[in-house]
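Asker: Show me how the following folds:
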Amino acid sequence: MSDLLRNAHYFLSNVGWRDLLDVVVVALLLYQLLKLIRGTQAVQLLLGLGVIFAVGFTAQALHLHLLEFIFQNGTQAIVIAAIVLFQPELRRALDQVGRLGAFRTLFGQHASAAVSHVVEEVLRAGQSLSEKRTGALVVFERSTGLENIAATGVHINGEVTAEMLATLFVPGSPLHDGAVIIRGDSIIGAGCILPLSQAPIEDRSLGTRHRAALGVSEETDALVVVVSEESGAISVATGARLLRNLTPTQLRDLLGGRLPRSTADQAIVAA
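Answerer: Here you go, the predicted model:
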């Protein structure tokens, strides 16, 4: 016990402020990395890579020469494969760093009055489209930029109103099957094509719109409102999760960032 205390005292006496700063920075980076990949396919990919490296270390410890040779000569290929596999997560991370999303949130990117106006207009449009069973996809850009997705549709610089949204999703119109992108209090694109989620979904009733909503929520931090054409049900995709059959009150609270955790957990369908 005395040796343990002596060693602990020696260790603490040699720890400087730079060492503490180093540990804090690394911890923050790891925390942000875990937040970035949480709920995405990257978790399964990381586990797979972990198993591969565990086999490599085991081969080295047991002197399995063939496996050692394969891992020694395949390390570069594994690194390149990891970059390709984690491309969506890496792109999202670099985009968030470049846009300084945390600082934008800290200093307030948009006035609360403008946000409330957008929420109410989207809520009115969602209720109207739901009653008519008109399919719709409305994507809210947050800290991750969606300019590359907006470029797949028609560029629009218009005010967010329920009438505008209802017009864009009129059945049979050229922009009906695409998504509307909202940045701040403006519509920046319509008829946009979203990436489809490749994650397995148990509920076969979920169609292409829901897969598209999940897909963009896997690759970015966007929040996506989905109106089902079949049932008129309103859902929201965020963080690679789908919150289904939301009431108008739940939708308003969610868009305003005030949805209680218990309510969200009841409505979540894992992607």
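Asker: Does the closest residue to residue 193 other than its chain neighbours fall in a helix, a strand, or a coil region?
Answerer: Of all residues beyond its chain neighbours, the one nearest residue 193 is residue 152 (4.3 Å), with distances taken as C-beta to C-beta, 6 or more residues apart in numbering. For the C-beta atoms, the positions are set from N, CA and C on the backbone; glycine is no exception. Using DSSP: H, G, I helix; E, B strand; the rest coil as the criterion, the local structure at residue 152 reads coil.
Asker: which residues touch residue 152?
Answerer: Contact criterion C-beta atoms under 8 Å, 6 or more residues apart in numbering gives 178, 189, 192, 193 as the residues in contact with residue 152.
Asker: Quick check: of the residues you listed, which lies closest to residue 78?
Answerer: In terms of C-beta to C-beta, no member of the contacts of residue 152 lies closer to residue 78 than residue 193, at 32.2 Å.
Asker: quick one: the closest one from residue 147, how far?
Answerer: Taking C-beta to C-beta, to the nearest Å as the measure, residue 193 and residue 147 are separated by 14 Å.
Asker: what do you get for residue 130?
Answerer: Shown here: residue 130 relative to residue 147, a distance of 29 Å by C-beta to C-beta.
Asker: Between these two, point out the one with more neighbours.
Answerer: The residue with more neighbours, out of residue 130 and residue 147 and counting by other C-beta atoms under 10 Å, is residue 130; that gives 18 against 13.
Asker: Please name the nearest non-neighbouring residue to the more buried one.
Answerer: Nearest to residue 130 is residue 232, by C-beta to C-beta, 6+ apart, at 4.4 Å.
Asker: Count the neighbours of residue 32 for me.
Answerer: Applying other C-beta under 10 Å, we find 14 other residues in the vicinity of residue 32.
Asker: Output the below-cut-off pLDDT ranges for the stretch 151-271 of the chain.
Answerer: 202, 204, 258-271 (pLDDT under 70).
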